[in-house]
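Visitor: Just to be clear, the model below is a prediction. Sequence and coordinates:
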Protein chains: 4
Amino acid sequence: MAFEHEIRITWGDCDPAKIAYTPRLPWYSLDAINAWWEHYGGAGWYQMELDQNVGTPFVSMAMDFLLPVTPRHRLICKVWPNRLGETSVGFRVDGFQDGKLCFVGKFVSVFIDAGEFKKSPPPERIRALVAAHLVEDE
Amino acid sequence: MAFEHEIRITWGDCDPAKIAYTPRLPWYSLDAINAWWEHYGGAGWYQMELDQNVGTPFVSMAMDFLLPVTPRHRLICKVWPNRLGETSVGFRVDGFQDGKLCFVGKFVSVFIDAGEFKKSPPPERIRALVAAHLVEDE
Amino acid sequence: MAFEHEIRITWGDCDPAKIAYTPRLPWYSLDAINAWWEHYGGAGWYQMELDQNVGTPFVSMAMDFLLPVTPRHRLICKVWPNRLGETSVGFRVDGFQDGKLCFVGKFVSVFIDAGEFKKSPPPERIRALVAAHLVEDE
Amino acid sequence: MAFEHEIRITWGDCDPAKIAYTPRLPWYSLDAINAWWEHYGGAGWYQMELDQNVGTPFVSMAMDFLLPVTPRHRLICKVWPNRLGETSVGFRVDGFQDGKLCFVGKFVSVFIDAGEFKKSPPPERIRALVAAHLVEDE
């Protein structure tokens, strides 16, 4: 039921070990979270920040890498919010290739007033959007 | 006493919020860990993998982001091994700008036989190198 | 009639001027050329190199940047081969957003025996593939 | 006599062919041009744009790739302005490893009023800076 974001892994993503270079995995994960916002909220971070004055800078990330990611298959990132606080939101991103779980990531952001770069509760519309898809970790 | 790796943050590292885009921070951290290997062991990952058949793929990372990173100051990454197992090694990377702690990262790799892509205890020389600089987390 | 490769431009692609940072434009172009190979030949560079022993390292690129690229629209890259020599191939990539031409790029590769890293005429199948879609610059 | 900017090529810069992935070469070149501005003008693009309201978006680039770039040696980028117009500036970047020329790049920017994103002659101080180091192509 989770939102799925597909990423094409390429030659240029890989290091000489012939697998995607580790720091690309958080990069893909953030691409997937941005795509979640775009899909459900109609606006990615660019539009949220510039048009709606809502920023969501990250305060933490934690990832486990289970299997190498390669260009042999598309990377399917399942994304969902797993945490919603007064001024924070967490996302989980599970990356799959060929049906196998390659990595699990957890990412926490705070909501800010983008102009002020100051913590601030999100607009009600955004809170409702996250709440509607929230699946807290067990 | 920790090894310090200096990184020049530039315009191109920053997103429209005028701060380094989040996935660059694990990227810088891995650059810093690679520089640690190069400084103490005389070989970065490229040489370790291709010349010595020792690979160190990552199995996890965890980062806390405390302050934004910008091009206003050089980024100083303090790096040290914080964990040494039979076939694994952990590194801690603390990123500072202008004397202030901007992020803390913990990264765990396994040692592999690079040709086989199979877990394998590291050569004694490499184990000794890590052991000599090991500072376990409190 | 040209092959079109769509790219989602994001917040993280942009610099503080709120437009895609210049070196991303050759990066997108190469993604588009790789997608061309994948679409017509059934194999991107990763598979060409590792499975077919055919490498295509670049020997030149030239790009003109006409309009900024932003996350406001998808980037549509039109790609076609514009040159075919004994051991070389050229690609043209035209990048459009919202129907407007944002950049024009010309890229030249040589065919190599990947194992030897030595110039070598491509397999006939690959030559025929390029020839079938070749549109030389006027 | 040209300004030299040193870059550490790493494992993560390389693709499975064990050489720096092509789009990194324009990226390094822009890092080198930014370092030129920082060295001679005391301000990189970030400070020029945000503190001085001077932007320098690129309108073209042309590069020839002569030899692969690898982590075996530091990359030394020689940088100098090779063109100065009323509202434009060109830079040449020659990349060397182990004393051998690996690539040659030519990059043209226009000066803009950053706030307006409109072409505008640069401040006299910046014009003088470029003029003092100008070496036009033969």
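Guide: Right, received. Where do you want to start?
Visitor: And the residue of chain A most remote from its centre, how far from C:V110?
Guide: Going by C-alpha atoms, centre = their mean, the residue of chain A most distant from its centre is A:P16, 26.7 Å out. Distance of A:P16 to C:V110, computed by C-beta to C-beta, to the nearest Å: 21 Å. Heads up, the C-betas are built off the backbone N, CA and C, glycines and all.
Visitor: before we move on, the earlier item: now the residue nearest to the residue farthest from the centre of chain A when sequence neighbours are not counted: phi and psi?
Guide: Nearest-residue entry for A:P16: D:K18, 4.7 Å, with adjacent residues in sequence omitted and distances by C-beta to C-beta, 6 or more residues apart in numbering or on different chains. D:K18 has phi and psi values of phi 70, psi 20 when expressed as degrees, to the nearest 10.
Visitor: Without its sequence neighbours, what residue ends up closest to A:G44?
Guide: A:E38 (4.2 Å).
Visitor: Could you check which helix or strand contains that neighbour?
Guide: helix A:24-41 (DSSP states H and E).
Visitor: Show me what from chain A comes close to chain C.
Guide: Contact residues, chain A versus chain C (C-beta under 8 Å from any C-beta of the partner chain): A:8, A:10-12, A:14, A:18, A:27, A:30-31, A:34-35, A:44-47, A:49-50, A:70-72.
Visitor: now with 7 Å?
Guide: A:10-12, A:14, A:18, A:30-31, A:34, A:44-46, A:50, A:71 (C-beta under 7 Å from any C-beta of the partner chain).
Visitor: and chain A, which residues reach chain B?
Guide: Where chain A comes near chain B, counting by C-beta under 7 Å from any C-beta, the residues are A:16-17, A:22-23, A:26-27, A:30, A:46, A:49-50, A:55, A:58-65.
Visitor: still on that earlier bit, so what angle separates the directions of the helix holding A:E38 and helix B:24-41?
Guide: 180 degrees (axes from the mean of the first three to the mean of the last three C-alpha atoms, to 10 degrees).
Visitor: After helix A:24-41, which helix or strand is next?
Guide: Helix A:24-41 is succeeded, C-terminally, by helix A:45-52 (DSSP H and E).
Visitor: what packs against that next one?
Guide: In terms of contacts (3 or more C-beta pairs under 7 Å, 6 or more residues apart in numbering or on different chains; DSSP states H and E), helix A:45-52 is packed against helix A:24-41.
Visitor: got the angle for the helix it packs on vs helix A:45-52?
Guide: Relative orientation of helix A:24-41 versus helix A:45-52 (the same axes, to 10 degrees): 50 degrees.
Visitor: can you tell me the average pLDDT over helix A:24-41?
Guide: On average, the pLDDT along helix A:24-41 is 98.
Visitor: who touches the most centrally placed residue in chain A in this structure?
Guide: By C-alpha atoms, centre = their mean, the mean C-alpha position of chain A lies nearest to A:I33, the distance being 2.5 Å. Neighbour list for A:I33: A:79, A:91, A:93, A:107 [criterion: C-beta atoms under 7 Å, 6 or more residues apart in numbering or on different chains].
Visitor: go on, A:H133?
Guide: A:40, A:80-81.
Visitor: A:H73 reaches A:D98, doesn't it?
Guide: Yes: under the criterion of C-beta atoms under 7 Å, A:H73 makes contact with A:D98 at 4.5 Å.
Visitor: Just want to know which of these two has more residues nearby.
Guide: It is A:H73, of A:H73 and A:D98, that has more neighbours when counted by other C-beta atoms under 10 Å in any protein chain shown, with 15 against 12.
Visitor: quick one on the thing from earlier: report the buried residues of the helix holding A:E38.
Guide: Of all the residues in helix A:24-41, those buried under the rule 16 or more other C-beta atoms under 10 Å in any protein chain shown are A:24-38, A:40-41.
Visitor: Quick one: end-to-end distance for stretch A:67-74.
Guide: End-to-end distance of stretch A:67-74: 14 Å, with C-alpha to C-alpha, to the nearest Å as the criterion.
Visitor: what's the answer for stretch A:131-138, then?
Guide: By C-alpha to C-alpha, the extent of stretch A:131-138 from end to end equals 17 Å.
Visitor: And stretch A:109-116, by the same measure?
Guide: 16 Å.
Visitor: What residues sit buried inside it?
Guide: A:109-112, A:114.
Visitor: Pull the residues that contact it.
Guide: For stretch A:109-116, the surrounding residues in contact (C-beta under 7 Å, 6+ apart) are A:49, A:53-59, A:87-89, A:118-122.
Visitor: 6 Å - rerun?
Guide: A:49, A:53, A:55-56, A:58-59, A:87-89, A:118-120, A:122 (C-beta atoms under 6 Å, 6 or more residues apart in numbering or on different chains).
Visitor: Show the average pLDDT along it.
Guide: pLDDT averaged over stretch A:109-116 gives 97.
Visitor: Equivalent analysis for stretch A:77-91, please.
Guide: Regarding stretch A:77-91, the rounded mean pLDDT is 98.
Visitor: which residues of chain A fall in strands?
Guide: For chain A, applying DSSP state E gives strands covering A:3-7, A:54-55, A:58-65, A:75-84, A:88-97, A:100-110, A:112-113, A:118-119.
Visitor: Return the distance of the third one from the chain's centre.
Guide: Using C-alpha atoms, centre = their mean, to the nearest Å, the mean C-alpha position of strand A:58-65 is found 10 Å from that of the whole chain.
Visitor: re earlier: with respect to chain B, which of the contacts of stretch A:109-116 is nearest?
Guide: A:F58 (4.6 Å; C-beta to the nearest C-beta).
Visitor: what about the closest residue to the closest one other than its chain neighbours, how many residues close to it?
Guide: Counting by C-beta to C-beta, 6+ apart, A:F58 lies nearest to B:T22, which is 4.6 Å off, once chain neighbours are set aside. Neighbours of B:T22 under the rule other C-beta under 10 Å: 26.
Visitor: cool, and A:M63?
Guide: Neighbours of A:M63 (other C-beta under 10 Å): 23.
Visitor: Spatially nearest residue to it, not counting backbone neighbours?
Guide: Using C-beta to C-beta, 6+ apart, the closest residue to A:M63 is A:G105 (4.3 Å).
Visitor: and that neighbour, what are its bridge partners?
Guide: A:M63, A:V93 (DSSP bridges).
Visitor: So it sits against A:Y28, correct?
Guide: No: using C-beta atoms under 6 Å, A:G105 is not in contact with A:Y28, being 9.1 Å away.
Visitor: For A:R92, give its distance to chain B.
Guide: Using C-beta to the nearest C-beta, to the nearest Å, A:R92 is found at 14 Å from chain B.
Visitor: What is the neighbour count of A:A128?
Guide: For A:A128, using other C-beta under 10 Å, the count is 10.
Visitor: correction: A:R8
Guide: Residues near A:R8, counting by other C-beta under 10 Å: 16.
Visitor: Please apply the same query to A:R74.
Guide: 12.
Visitor: what do you get for the one 10 residues further on?
Guide: For A:L84, the count of nearby residues is 15 (other C-beta under 10 Å).
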